[in-house]
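Undergrad: sequence plus predicted model, see below.
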Amino acid sequence: MRVSKRASAVAAIAAVALVAAGCGGGDDEESTGNSDKTANGAITIDGTQPANPLLPSATSETGGGDILDFMWTGLINYPPGGGAPVNAVAESIETSDAQTYTVKIKKAVKFHDGTEVKAKNFVDAWNFTANSDNGQQQASFFSDIEGYADVHTEDPDGEEGPQKAPPPKSPTMSGLAVVDDYTFTIKLAAANSIFPVKLGYSAYYPMPDSFFAATDKNEWGKKPVGNGPVKFVSWTDNVEIKLTRFDDYTLDDKVKIKDVTVKLYQDDTAAYADLLANNLDFQQQVPASSLAGEKWKTDLGTRALTVDIPVMQIIAFPIYDKRFQNKDLRRAVSLSINREEIASKIFFNTRKAATGWVAPGIPGADQYPCTTCKFDPDGAKAALQAAGGFQGEMVLYYNADASHKEWMEAAANSVASTLGITVRAEGMPTFAVFRQNIDAHKMTGPYRAGWQADYPDPENWLGPLYVTGASSNDGLYSNPQVDALYQEGSRMADANAAHAKFAESMKIVDDEVPSIPIVSVTQQAGVSNRVTGVKTNWVGSIDLSTVELV
Amino acid sequence: MGRYVLRRLLQLIPVFFGTTLLIYALVWAVPGDPFAGKCGDRACPDSYVQFMTEKYHLDDPWPLQYVFYMGHLLTGDFGQTFGGRDISEIIAQAYPNTLKLALVGLIIEAIIGLTAGVLTGLRRNGFLDNLVLVSTLFLLAIPTFVSGFLLQFILGVQFKIIDPTVSSEARFSELIVPGFVLASVSMAYVARLTRTSIAENSRSDYVRTAVAKGLPQRRVVGVHLLRNSLIPVVTFLGTDLGSLMGGAIVTEGIFSINGIGREVFRAITTKESATVVGIVVVLVMVYLLMNLLVDLLYAALDPRIRYE
């Protein structure tokens, strides 16, 4: 299964703040109480211009993804701050064999155009996204479902080759079946115990009938209709997206405020200036310039919020390069990096030294410790000796269009001085060029890899990254034992037993060090003095249902 | 005069084709596959890449793509971005804001720059002259992003005289501070250029004649001296409007103005040739027309210049 995510290049941790509209209209509310004020209130938060029309099937970046998450509610919700997912539109999701799931949905859940959310709205939406004729970015999220290969055909000789992918054999996946208006079944190609955890992701949102009726989906995506707690009002490119409360919303995460304006900033320092002036009610990530010397804490005082987010910065090895096929060498590199120093000196403690393979904050993360994630110069030297040394120059690569230079150089220096070999860090001009080389398996040295979880389960840190042939196993790491244990875990209907297998599998990964976790990320958000009770969701964007006005 | 203007307008045509071709080729030469970084830290699905490649003719060699593009452009179709937005819509939204910002900047730089230049040119080496000399040196030395952040912080955050960022309507009153920031460097040039020009011409024969005729000081300076001294300044101001529009990326970023700077930058990094060319085509037009206007102004300023 492929896991992307609004990884948004993890590069410049996208600043997404919600700013209170602040544009007047509040004068006559002075005399009434706080709850009235909240009920009629408007906030402004920060965001970035969505790269595509607002379609769950086409959006893999944060700018659009956050708006979709506000406007839609999926089968399940991820509670703020981690923890097990809870049913949202789903009444129940049941299985006996981890392969066939029966989903019952709640009645009377409505789309913003008044039509009811029915089982077919899910099934049709998923078939649409998976169908390769529609060319949707998020298609691979349905690759677990039986019949995916019939609707989604691959190019037989790759992108460069002369042949084109054949047309899909069928418009629908055989694994999806509508039982009645409120029930549908999902049959997976192979048992997968953690499949239900993914269902809260935006690719799995239901689509209303008007979407399927629309001839131009991109046009529809400029005025989308969701089923979430807020509905769409207007979108001015590069300026703002306006949302308002959906009063017929029946689920638990209702919003208390009335209007939400997402102001689309091009520069996070501009958003920060608005935040300082209380013109902006929420900024998801304050700019890097305000982090030095913890200036942002002085600036914001009690308005500063620090949140763990499920993002890790990793250095991955190109295992397809002969020089990096020795696991002792990889262990030596991992042991020679002083993560604590990088976290405190370069990131001013806005990052935490990694101690495990799964980002803290994901339930059960402590079951996946990383034993080489410590600074041990003697152990490192011994490991290098066991590997028979390293010939030539080791180059660590990163994309130079985001702020990775400092920490990659620090890591290179740390390795060089500990192991006594020649190591340097080199930037590739843009993220696009960088990814192109990674995708083509042409990297000639360890490279930066960011990973942002798609769903809060440790499996997401194993399956896509280290299983043979997995979507984001860019270094081509392969170990039959890891694969076998992972498959075994996936087939188990019981989540606890499955996680035990995953932990066992990760233990082998831990021994072989196909990549090295460096730091896990915390987010520095800020709120205005107009709002109270603001909480963030598990990926760090604002949870609108928690916002109240002072 | 009419024939001259017509000839100049006809010259715009080859320039138009030349610049668009050049820009198209340059954007094409930017390394990187347009879809390599589009799906975050993983490869995009084949079907998506294939769909987009066909839709945007990305398989064809770039000269052929250029022909396709020009064919559409000549019928008024600027095309779409990879995200499915109409480029003509982006241009229609972003250009007025950038143009407004550049005009505000131009007016500020003309008023302050010219006043300072004339005053110091007439009274060289006095206290005022030295003051302007030092302050223009100061302005020249400060990069736009420093002055921008400083003014935003002091006026917007500390004293709350202005909003730190410009609202979606981008009203003229909101653009005064950003316009000042944008024009600050050029303002210093205008002041110095005017000063030198005035200083030189005040020693010229026709000024001496005018004084000898017994004309009042105001007429000598206002009509004889200033008009002749303005030629280099007007040249500078005219071409500067184009530079201000093209160079507003930093200012637009600081004050969060929805202008063309961000779009061009974004389009270059994502290799969307159609967007870059679309925006730059209009910019090139502005530049060329401003140049024509400046040349025509010469005739009005200096009666010795005639266009046939």
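TA: In hand now; what should we look at? Residues are numbered from 1 along each chain as shown, chains lettered A, B, ... in the order given.
Undergrad: per-residue pLDDT, residue 18?
TA: As the question left the chain open, I've gone with chain A. Listed pLDDT for residue A:18 reads 30.
Undergrad: should've been chain B
TA: 88.
Undergrad: ramachandran angles for it?
TA: Dihedral angles phi and psi of residue B:18 (degrees, to the nearest 10) take the values phi -60, psi -50.
Undergrad: for the closest residue to chain B within chain A, what are its contacts?
TA: Ranking the residues of chain A by distance to chain B (Cβ to the nearest Cβ) places residue A:135 first, at 2.5 Å. Backbone N, C-alpha and C define where each C-beta goes, glycine included. Contacts for residue A:135 (Cβ atoms under 8 Å, 6 or more residues apart in numbering or on different chains) come out as B:47-48, B:50-52.
Undergrad: chain A contacts on the stretch 101-250 of chain B?
TA: B:149, B:152-153, B:156-157, B:160, B:163-165, B:167-168 (Cβ under 8 Å from any Cβ of the partner chain).
Undergrad: mind redoing it with 6 Å?
TA: Contact residues (Cβ under 6 Å from any Cβ of the partner chain) of the stretch 101-250 of chain B with chain A: B:152, B:156-157, B:164-165, B:168.
Undergrad: tell me which of those residues has the lowest pLDDT.
TA: Minimum pLDDT across these falls on residue B:168, with 76.
Undergrad: rewinding a little: return the subset of the contacts of residue A:135 lying in helices.
TA: In helices, defined here by DSSP state H, the members of the contacts of residue A:135 are B:47-48, B:50-52.
Undergrad: centre of the chain to the helix or strand of chain B with the lowest mean pLDDT, how far?
TA: In chain B, no helix or strand scores lower on mean pLDDT, DSSP states H and E than helix B:46-55, which sits at a mean of 76. Centroid separation between helix B:46-55 and its chain, computed with Cα atoms, centre = their mean, to the nearest Å, is 37 Å.
Undergrad: in it, which residues are buried?
TA: Buried residues in helix B:46-55, counted by 16 or more other Cβ atoms under 10 Å in any protein chain shown: B:46-53.
Undergrad: got the residues of chain A near chain B?
TA: A:4, A:7, A:51-53, A:60, A:132, A:135, A:137, A:139-140, A:154-155, A:159, A:218, A:237-240, A:265-267, A:270, A:273-274, A:276-277, A:430-433, A:435-436, A:439, A:450, A:471-472.
Undergrad: filter those residues to the buried ones?
TA: Judged by 16+ other Cβ under 10 Å, buried ones among the residues of chain A next to chain B: A:4, A:7, A:51-53, A:60, A:132, A:135, A:137, A:139-140, A:155, A:218, A:237-240, A:265-267, A:270, A:273-274, A:276-277, A:430-433, A:435-436, A:439, A:450, A:471-472.
Undergrad: just the ones in strands from those, please.
TA: A:240, A:450 (DSSP state E).
Undergrad: now, which of the buried ones among the residues of chain A next to chain B lie within helices?
TA: Per DSSP H, these map to helices at A:218, A:270, A:273-274, A:276, A:431-433, A:435-436, A:439.
Undergrad: how about low-confidence regions in chain B?
TA: The model of chain B has pLDDT under 70 over residues B:32, B:36-43, B:308.
Undergrad: for chain A, give me its nearest residue in chain B.
TA: Counting by Cβ to the nearest Cβ, chain B gets nearest to chain A through residue B:51 (2.5 Å).
Undergrad: pull the longest helix from chain B.
TA: helix B:87-122.
Undergrad: for it, which positions count as buried?
TA: B:87, B:90-91, B:93-95, B:97-106, B:108-110, B:112-114, B:116-122.
Undergrad: residue A:262 against residue A:47, yeah?
TA: Yes: applying Cβ atoms under 6 Å, one finds residue A:262 in contact with residue A:47, separated by 4.0 Å.
Undergrad: off-centre distance for stretch A:354-372?
TA: 17 Å.
Undergrad: likewise for stretch B:277-295?
TA: 9 Å.
Undergrad: near chain A, anything from it?
TA: No: residues of stretch B:277-295 are not located near chain A by Cβ under 6 Å from any Cβ, the shortest gap being 12.9 Å.
Undergrad: and that stretch, what's buried?
TA: B:277-284, B:286-292, B:294-295.
Undergrad: again with stretch A:472-481
TA: A:472-475, A:477-479.
Undergrad: do stretch A:349-363 as well
TA: Buried residues in stretch A:349-363 (16+ other Cβ under 10 Å): A:350-363.
Undergrad: can you check stretch A:141-150 too?
TA: A:141-148, A:150.
Undergrad: run through who's touching that stretch.
TA: A:1, A:126, A:130, A:169-170, A:173-175, A:187-189, A:192, A:203 (Cβ atoms under 6 Å, 6 or more residues apart in numbering or on different chains).
Undergrad: any of these buried? List them.
TA: A:1, A:126, A:130, A:173, A:175, A:188-189, A:192, A:203.
Undergrad: the contacts of residue A:135: which two are farthest apart?
TA: Greatest spatial distance among these (Cβ to Cβ): B:47 and B:52, at 9.8 Å.
Undergrad: which SS state does residue A:127 fall under?
TA: Judged by DSSP: H, G, I helix; E, B strand; the rest coil, the three-state class of residue A:127 is helix.
Undergrad: and the nearest residue to it once chain neighbours are set aside, what element?
TA: Closest residue to residue A:127 apart from its sequence neighbours, by Cβ to Cβ, 6 or more residues apart in numbering or on different chains: residue A:172 at 4.7 Å. Using DSSP states H and E, residue A:172 falls within no helix or strand.
Undergrad: state the pLDDT value of residue A:172.
TA: Reading off the model, residue A:172 has pLDDT 91.
Undergrad: on that earlier part again, show me what the longest helix of chain B is packed up against.
TA: helix B:127-141, helix B:176-201, helix B:226-246, helix B:260-269 (3 or more Cβ pairs under 6 Å, 6 or more residues apart in numbering or on different chains; DSSP states H and E).
Undergrad: can you give me the offset of it from its chain's centre?
TA: Worked out by Cα atoms, centre = their mean, helix B:87-122 lies 8 Å from the chain centre.
Undergrad: now the angle from it to helix B:226-246?
TA: 150 degrees (axes from the mean of the first three to the mean of the last three Cα atoms, to 10 degrees).
Undergrad: what residues are up against residue B:193?
TA: B:232-233, B:236.
Undergrad: can you select the buried ones from those residues in PyMOL?
TA: Buried residues among these (16+ other Cβ under 10 Å), as a PyMOL selection:
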select buried, chain B and resi 233+236
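Undergrad: among the contacts of residue B:193, which one lies nearest to residue A:443?
TA: residue B:236 (49.5 Å).
Undergrad: and residue A:94, how many neighbours?
TA: 12 (other Cβ atoms under 10 Å in any protein chain shown).
Undergrad: the helix or strand it falls within pairs with which strands, and in what direction?
TA: Assessed by DSSP H and E, residue A:94 sits inside strand A:90-95. According to DSSP bridges, strand A:90-95 forms sheet pairs with strand A:100-105 (antiparallel).
Undergrad: now the partner strand: mean pLDDT?
TA: On average, strand A:100-105 scores 95.
Undergrad: domains in chain A, by residue range?
TA: A:35-260+A:528-549, A:307-522 (automatic domain parsing).
Undergrad: for residue A:352, which non-adjacent residue is spatially closest?
TA: residue A:520 (5.0 Å).
Undergrad: what's the burial count for the one you found?
TA: Neighbour tally, residue A:520, other Cβ under 10 Å: 25.
Undergrad: show me what it bridges to in the sheet.
TA: residue A:312, residue A:352.
Undergrad: just to check, it is in contact with residue A:356?
TA: No: using Cβ under 6 Å, residue A:520 is not in contact with residue A:356; the gap is 8.5 Å.
Undergrad: for the stretch 451-550 of chain A, give me the ranges with low pLDDT.
TA: In the stretch 451-550 of chain A, no residues with pLDDT under 70.
Undergrad: strands of that one, start to end?
TA: Taking DSSP state E, counting those that start in this stretch to define them, one finds strands in the stretch 451-550 of chain A at A:515-527, A:531-532, A:535-536, A:542-543, A:548-549.
Undergrad: and residue A:503, how many neighbours?
TA: 20.
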